[in-house]
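Engineer: fold the following, please.
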Amino acid sequence: MVSGLVQEWNKAELPKMVRVRQKFAGSKIKDIREEMRDQFSALKLSERLKPGAKIAVAVGSRGIHDIDKITKEVIEILKDHNFEPFIIPAMGSHGGAAEEGQVKVLAEYGITEDTMGVSIKSSLDVVEVGTVRVPSVPEEFPVYVDKIGYNSDGIVVINRVKPHTLFRHDVESGLMKMLTIGLGKHQGATIAHLQGFDIFGEIIPAVGEEILKKAPIYFGVGIVENAFEETAEIRIVPREDFMQADQELLVKARKLMGRIMLPEIDVLIIKEIGKEFSGDGMDPNVVGRYLNPHIKPDIKAQKIVVLDLSEKTKGNATGIGSADVITKRMYDKIDLKKTYINIYTSTALPGGRIPITIDTDEEAIQVALTSCVRVYPGKYKVVYIPNTLYLEELWVSEPLAQTLKDSPDFEIIGEPEAIEFDAEGNIVNLPF
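Structural biologist: Numbers count the residues shown, from 1 in each chain. This is a model prediction of the structure:
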């Protein structure tokens, strides 16, 4: 790799850092089990299928805090009404787009045959259920559904509703996306992505509606999380209400999502990125780096430094292309095949580009800071976060902390500390 880019005469005097807390709204559901059972009963959904119905519970999105509890409760509700539930992985290219790999991904969520008490039936086989055409696409394209799910008596889809990272619309990530990308498996996800993220606002609803017409969708479970990644709302949704629920829950999710409440940063340092923190490794809604140029960011960072790759992401460095500088230890952990399968499926190839790679944390930060423009000693705006998912506490440079003392959005919870490095040049203090 590279060292020695920053010369002694050009080195920046790194600012002291101050630990601060962001003040987010923190409402959450107290009893997930009670909430779900009350809703299921009120909707009289048990009357829609006959006892003994075989129901595929489709689950697969990463990073949902209570996904194991919610999935388990869905299964228990179905069993209590004399149905026969089982689980199918609903994910595009996750797990290396392999049957066993997708079962392993579910296990990382705490979803196994033992913990859920039902079988997991993983297959990449799909059924073409129809075709759709949207105004921006000159030709029809096929719509696919997981074959096992399609041949069941009913399908339940579970997904978090949240802003997408590559397009803006009144329906983004949610139940309709789970139908399109999750139930579509690798083949369906690929076809959808090939239409282009610039028209995903047309693609997701159109494909989702076709699946709702042709596949035995039973109901959905929409989840909204607060900025602490706690379950703020759960909504059980009959098949006919998927679109409306996605729209309503997206508005709530946008208000509650975690973010860095600072409009301008010189250098943003991220301790680690990974798929468990965001489908994009680092959430563009947090860092302000969008591959879609039409999305206006709420935050602007001149340079982004990523120090490491998480253990749970298992080498998948999707989103690394949004960084400006990374470290050698991060580079050494990258599994290019896993990363490229994910990137290739999404068609957003820039997300897999390898940034400037530097030997140590210390020099990586120096490279980023000394390459910023219109930045002056003693006024550096530096922010250090653990990842883009857990954002309640972060470290900010001392000059920046001074501006936050009277802010209603921040609380100063530490004293200024110099950044300390070990013999290998890696950060040893500034814990989260």
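
Engineer: what are the ranges of the helices in the stretch 201-350 of the chain?
Structural biologist: 242-256, 284-287, 328-331, 336-346 (DSSP state H, counting those that start in this stretch).

Engineer: residue closest to the middle of this protein?
Structural biologist: Taking Cα atoms, centre = their mean, the centroid of the chain lies closest to residue 278, which sits 2.8 Å from it.

Engineer: starting at the chain centroid, how far to stretch 373-380?
Structural biologist: 33 Å (Cα atoms, centre = their mean, to the nearest Å).

Engineer: point out where the protein drops to low pLDDT.
Structural biologist: The chain contains residues with pLDDT under 70 at 1.

Engineer: domain ranges for it?
Structural biologist: Under the assignment automatic domain parsing, the domains of the chain span 8-24+258-412, 32-256.

Engineer: residue contacts, the spatially closest residue to residue 246 that is not a sequence neighbour?
Structural biologist: Distances taken as Cβ to Cβ, 6 or more residues apart in numbering put residue 174 closest to residue 246, at 4.1 Å, once the chain neighbours are dropped. In short, each C-beta sits where N, CA and C put it, glycine included. Shown in contact with residue 174 (Cβ atoms under 8 Å, 6 or more residues apart in numbering): 159-162, 222, 245-246, 249-250.

Engineer: of these, closest to residue 402?
Structural biologist: When the contacts of residue 174 are ranked by distance to residue 402 (Cβ to Cβ), residue 162 comes first, at 33.4 Å.

Engineer: coming back round to it: pipe the helices of the stretch 201-350 of the chain into CSV and attach distance to residue 230 per row.
Structural biologist: Converted to CSV, the helices of the stretch 201-350 of the chain look like this (distance: least, Cβ to Cβ, whole Å):
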stretch, distance to residue 230
helix 242-256, 10
helix 284-287, 17
helix 328-331, 29
helix 336-346, 27
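
Engineer: can you put the ones you listed in TSV and add distance to residue 38 and mean neighbour count?
Structural biologist: Shown next, in TSV, are the helices of the stretch 201-350 of the chain (distance: least, Cβ to Cβ, whole Å; neighbours: other Cβ atoms under 10 Å):
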stretch	distance to residue 38	mean neighbour count
helix 242-256	17	19
helix 284-287	32	25
helix 328-331	46	18
helix 336-346	38	20
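
Engineer: and of those, who's closest to residue 99?
Structural biologist: helix 336-346 (14.3 Å).

Engineer: now the residue nearest to the centre of the chain: closest residue in space, sequence neighbours ignored.
Structural biologist: residue 388 (5.6 Å).

Engineer: just residue 48 next, same as before
Structural biologist: In space, residue 48 is closest to residue 218, 6.9 Å off (Cβ to Cβ, 6+ apart).

Engineer: for the one you found, what are its contacts?
Structural biologist: With Cβ under 8 Å, 6+ apart, residue 218 has these contacts: 45, 48-49, 55, 154-156, 239.

Engineer: could you pick out the buried ones from those residues?
Structural biologist: 45, 49, 55, 154-156, 239 (16 or more other Cβ atoms under 10 Å).

Engineer: quick check: the residue nearest to the centre of the chain touching residue 165?
Structural biologist: Yes. Residue 278 is within contact range of residue 165, at 7.0 Å (criterion: Cβ atoms under 8 Å).

Engineer: ignoring the adjacent residues along the chain, who's closest to residue 137?
Structural biologist: Nearest to residue 137 is residue 195, by Cβ to Cβ, 6+ apart, at 5.8 Å.
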